[in-house]
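S.K.: the following block contains a protein sequence and its predicted model.
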2 protein chains.
Amino acid sequence: MHTDLVAALDIGGTKIAGALVDGDGTLRVRVQRPTPAREDSETVMAAVAEVLAELSASPLWGRVTALGIGSAGPVDAAAGTVSPVNVPAWRDFPLVERVRAATGGLPVELVCDGVAIAAAEHWMGAARGHDNALCMVVSTGVGGGLVLGGALHPGPSGNAGHIGHISVDLDGDPCPCGARGCVERIASGPNIARRALESGWLPGPDGDATAAAVAAAARAGDPVAVASFERAAQALAAGIAATATLVEIDIAVIGGGVAGAGEVLFAPLRSALRRYATLSFVQKLTVAPAVMGNDAGLVGAAAAAFAARVAADGAVSV
Amino acid sequence: MHTDLVAALDIGGTKIAGALVDGDGTLRVRVQRPTPAREDSETVMAAVAEVLAELSASPLWGRVTALGIGSAGPVDAAAGTVSPVNVPAWRDFPLVERVRAATGGLPVELVCDGVAIAAAEHWMGAARGHDNALCMVVSTGVGGGLVLGGALHPGPSGNAGHIGHISVDLDGDPCPCGARGCVERIASGPNIARRALESGWLPGPDGDATAAAVAAAARAGDPVAVASFERAAQALAAGIAATATLVEIDIAVIGGGVAGAGEVLFAPLRSALRRYATLSFVQKLTVAPAVMGNDAGLVGAAAAAFAARVAADGAVSV
């Protein structure tokens, strides 16, 4: 549908990935570097520049008309800066300006990684055809992004959909963000594992005490492991129901490592959702596993770039 | 700015109000009937028809090009029906079709009353100039509406912004909606009064045990009364912070009887908001009292009608 391409960057605490993406969402070139997350800001930027240099060496580079960035948050899309929690040297780092300079002045669109995931699932994945959707990643943290009225809703700063840090338990445990009882504080992988251990669950002989191991124990019928996933599901359901009640989504797409637990998570989640999504206009809300996999961030950053280009020139649809 | 007018209906459990509204938001004609809320559905509709007949008797009626309805919810804007909790005879009542027929085929726009309030505050009130706002009514219930990206966000069914029924206390007290720990269950006027009474607050010699009496006691320094408002403020703050974290609003406008308590509510609300709105992109969030008063529903229904007309013909801006 497009003969031109966009470049995409997916910047996280572990890796910096880049791709050239066509209008069908296909990654035509893909490159990756580890994130030197503990180094100084210019060292991190140098890794980004290497990824861009490798992309621009492709014979396809001449067809690239825009660049999308999905970055670990928080970001400030208005200022063009990023302050990823897991990259301490980058605080208000002017990533948009630096990437624009490194690419000879391409238009650059910046969104938070959760927003990029939502763009990907809406464009090519489980939220396709849904005009109002929440897409989440439940993993080490809990992130998300929103599609409203058929379009991505990044919000003015590019961070909208940050469901991991809404409080569903206002007197609950302190969250590293400063609030209490946030969805992430209850439902992230490390918190599922912590709660199971605190309640007496014992890891197997291999010593694996991750949420994946708790999920395996839950599948085998361990009641403490089951209860820890049920509590995570309850918090996710309260957060998803709140989102639907506030902005009228009809589907919540859930990806990330914890979602890999499958029915251990999704069965209690569907059950809890019926208890929290009670008003008539949210009762048809469904949940579905994400389908876009590891490249969701790249595909979504590309989608955001295509969408921004559409908004700018009103000429192309994806 | 407009030479034409819109008609507006504000339908609640107590009154049915109607007006002809010009493009400056001025009510040129205003009429009202009590809602026969306990009568059968046709008796309620007859009261609406009387309001419309009175409006259409005005010499200004010939300049009316559209009609907006703000109704007690839930509503179903897609189906054109309303099911107000406090008007039991109206369940999936085809209000849009009936009003259209009664007005000779005017275009009719239906939104929930909270959405109408948001439209009014954004057009003429405390949210003017804010592209991203939550407007709330804290009264017998807790309702709300959203402005996102400079435009009203009613959602597909017209109910978006229903902040009263998001859970901020997932293990909390059962709410009549079926969920637990909803904002309304903690922060509405009746719940402020109930909590004060349960905690040992005694009404004065006049026997007034409403939230207004609790507010007066709080102003006089009664610690139980103060604590009940602080708890309401905490729940409102958690809900407002959740909304900002999800969709990036920069102001929450609060009206309704409970907001009339003034600093008894707003001081602890601002304090609690700092504890729950912690992420960088929501720290500038402010709260402000509503300014539109009793006619907010009518002005907002008119704003929704003007906005729908703009969306339909792309020709006029309000």
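M.R.: That came in fine, so what should we check first? Values in this document were obtained by computation on a predicted structure and should not be read as measured data.
S.K.: chain neighbours aside, what residue packs nearest to the residue in the stretch 51-200 of chain A that chain B sits nearest to?
M.R.: Nearest residue of the stretch 51-200 of chain A to chain B, counting by Cβ to the nearest Cβ: A:G155, 3.2 Å away. In short, each C-beta sits where N, CA and C put it, glycine included. Spatial nearest neighbour of A:G155, excluding adjacent residues (Cβ to Cβ, 6 or more residues apart in numbering or on different chains): B:E248 at 3.2 Å.
S.K.: next up, the contacts around the one you found.
M.R.: B:E248 makes contact with A:G155, A:P156, A:S157, A:N159, A:A160, B:N132, B:F281, B:V282 under the criterion Cβ atoms under 8 Å, 6 or more residues apart in numbering or on different chains.
S.K.: need those in JSON lines (columns: distance to B:R30 and neighbour count).
M.R.: Listed next are the contacts of B:E248 as JSON lines, based on distance: Cβ to Cβ, whole Å; neighbours: other Cβ atoms under 10 Å in any protein chain shown:
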{"residue": "A:G155", "distance to B:R30": "37", "neighbour count": "28"}
{"residue": "A:P156", "distance to B:R30": "37", "neighbour count": "17"}
{"residue": "A:S157", "distance to B:R30": "41", "neighbour count": "23"}
{"residue": "A:N159", "distance to B:R30": "43", "neighbour count": "27"}
{"residue": "A:A160", "distance to B:R30": "38", "neighbour count": "30"}
{"residue": "B:N132", "distance to B:R30": "31", "neighbour count": "22"}
{"residue": "B:F281", "distance to B:R30": "41", "neighbour count": "26"}
{"residue": "B:V282", "distance to B:R30": "38", "neighbour count": "26"}
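S.K.: I'd like those residues as CSV, with secondary structure and distance to A:A302 appended.
M.R.: Shown next, in CSV, are these (DSSP: H, G, I helix; E, B strand; the rest coil; distance: Cβ to Cβ, whole Å):
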residue, secondary structure, distance to A:A302
A:G155, coil, 20
A:P156, coil, 22
A:S157, coil, 21
A:N159, coil, 19
A:A160, coil, 19
B:N132, coil, 26
B:F281, helix, 23
B:V282, helix, 28
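S.K.: quick check: the farthest pair among the residues you listed?
M.R.: A:N159 and B:N132 (12.1 Å; Cβ to Cβ).
S.K.: now do the residue nearest to A:G155, the pLDDT please.
M.R.: Reading off the confidence values, B:E248 has pLDDT 97.
S.K.: ok, now which ones touch the residue of the stretch 51-200 of chain A closest to chain B?
M.R.: If you count contacts by Cβ under 8 Å, 6+ apart, then A:G155 has A:G161, B:N132, B:V247, B:E248, B:F281 around it.
S.K.: and if you look at A:A193?
M.R.: Contacts of A:A193 by Cβ under 8 Å, 6+ apart are A:A209, A:T210, A:A211, A:A213, A:V214, A:S228.
S.K.: with A:T81 instead?
M.R.: A:V75, A:D92, A:F93, A:P94, A:L95, A:V96.
S.K.: would you turn these into TSV with secondary structure, distance to chain B and pLDDT?
M.R.: As requested, the contacts of A:T81 are exported to TSV (DSSP: H, G, I helix; E, B strand; the rest coil; distance: Cβ to the nearest Cβ, whole Å; pLDDT from 0 to 100):
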residue	secondary structure	distance to chain B	pLDDT
A:V75	strand	8	96
A:D92	coil	9	97
A:F93	strand	13	98
A:P94	coil	16	98
A:L95	helix	15	98
A:V96	helix	16	98
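S.K.: so where does the nearest residue to A:A196 once chain neighbours are set aside fall, helix or strand?
M.R.: Nearest residue to A:A196, sequence neighbours excluded (Cβ to Cβ, 6+ apart): A:S228, at 4.1 Å. Element membership for A:S228 (DSSP states H and E) is helix A:223-247.
S.K.: for A:G178, which non-adjacent residue is spatially closest?
M.R.: Closest to A:G178 by Cβ to Cβ, 6+ apart is B:T278, at 3.7 Å.
S.K.: next, the angle helix B:223-247 makes with the helix or strand where A:V137 lies.
M.R.: Using DSSP H and E, A:V137 sits within strand A:133-138. Relative orientation of strand A:133-138 versus helix B:223-247 (axes from the mean of the first three to the mean of the last three Cα atoms, to 10 degrees): 100 degrees.
S.K.: same for the helix or strand following strand A:133-138, what does it pack against?
M.R.: Going down the chain from strand A:133-138, the next helix or strand is strand A:142-148, by DSSP H and E. Applying 3 or more Cβ pairs under 8 Å, 6 or more residues apart in numbering or on different chains; DSSP states H and E, we find strand A:142-148 packed against strand A:108-112, helix A:113-124, strand A:133-138, helix A:183-187, helix A:223-247.
S.K.: redo the ones you listed as JSON lines? Include mean neighbour count and distance to B:P59.
M.R.: Formatted as JSON lines, those follow (neighbours: other Cβ atoms under 10 Å in any protein chain shown; distance: least, Cβ to Cβ, whole Å):
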{"stretch": "strand A:108-112", "mean neighbour count": "29", "distance to B:P59": "53"}
{"stretch": "helix A:113-124", "mean neighbour count": "30", "distance to B:P59": "51"}
{"stretch": "strand A:133-138", "mean neighbour count": "30", "distance to B:P59": "49"}
{"stretch": "helix A:183-187", "mean neighbour count": "27", "distance to B:P59": "57"}
{"stretch": "helix A:223-247", "mean neighbour count": "26", "distance to B:P59": "42"}
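S.K.: can you map out the strands along chain A?
M.R.: Using DSSP state E, the strands assigned to chain A run over residues A:5-11, A:15-21, A:27-34, A:64-71, A:75-76, A:81-82, A:108-112, A:133-138, A:142-148, A:151-152, A:251-255, A:286-289.
S.K.: I'd say A:W90 and A:D76 touch.
M.R.: No - A:W90 is beyond contact range of A:D76, at 11.7 Å (criterion: Cβ atoms under 8 Å).
S.K.: okay, and the common contacts of those two?
M.R.: A:V82, A:S83.
S.K.: so what's A:V264 up against?
M.R.: Counted by Cβ under 8 Å, 6+ apart, A:V264 has contacts A:A215, A:A218, A:R219, A:V226, A:F229.
S.K.: same thing but 6 Å
M.R.: A:A215, A:A218, A:R219, A:F229 (Cβ atoms under 6 Å, 6 or more residues apart in numbering or on different chains).
S.K.: measure the closest residue to A:G189 other than its chain neighbours to A:L285 for me?
M.R.: In space, and not counting its chain neighbours, A:G189 is closest to A:A211: 3.6 Å by Cβ to Cβ, 6+ apart. A:A211 is 25 Å from A:L285, where distance means Cβ to Cβ, to the nearest Å.
S.K.: more neighbours: which of those two?
M.R.: A:A211 (31 against 24; other Cβ atoms under 10 Å in any protein chain shown).
S.K.: quick one: furthest residue from the center of chain A?
M.R.: Most distant residue from the mean C-alpha position of chain A: A:P205, 33.1 Å away (Cα atoms, centre = their mean).
S.K.: report pLDDT for that one.
M.R.: We have a pLDDT of 94 for A:P205.
S.K.: just A:A315 next, same as before
M.R.: A:A315 is given a pLDDT of 44.
S.K.: cool, A:R309 as well?
M.R.: In this model, A:R309 carries a pLDDT of 79.
S.K.: is it in contact with A:A66, as I believe?
M.R.: Yes - the criterion here is Cβ atoms under 6 Å, and A:R309 meets it with A:A66 at 5.0 Å.
S.K.: which one is A:H162 nearest to, not counting chain neighbours?
M.R.: B:T245 (4.8 Å).
S.K.: I meant A:L236, not that one.
M.R.: A:A187 (5.0 Å).
S.K.: quick one: contacts for that neighbour?
M.R.: A:V142, A:A232, A:A235, A:L236.
S.K.: quick check: residues of the stretch 151-300 of chain A near chain B?
M.R.: A:155-157, A:159-160, A:162, A:165-170, A:177-179, A:234, A:238, A:242-243, A:245-248, A:276, A:278-281 (Cβ under 6 Å from any Cβ of the partner chain).
S.K.: re the thing from before, correct me if wrong: the residue nearest to A:A196 contacts A:R194.
M.R.: No - using Cβ under 6 Å, A:S228 is not in contact with A:R194, being 8.7 Å away.
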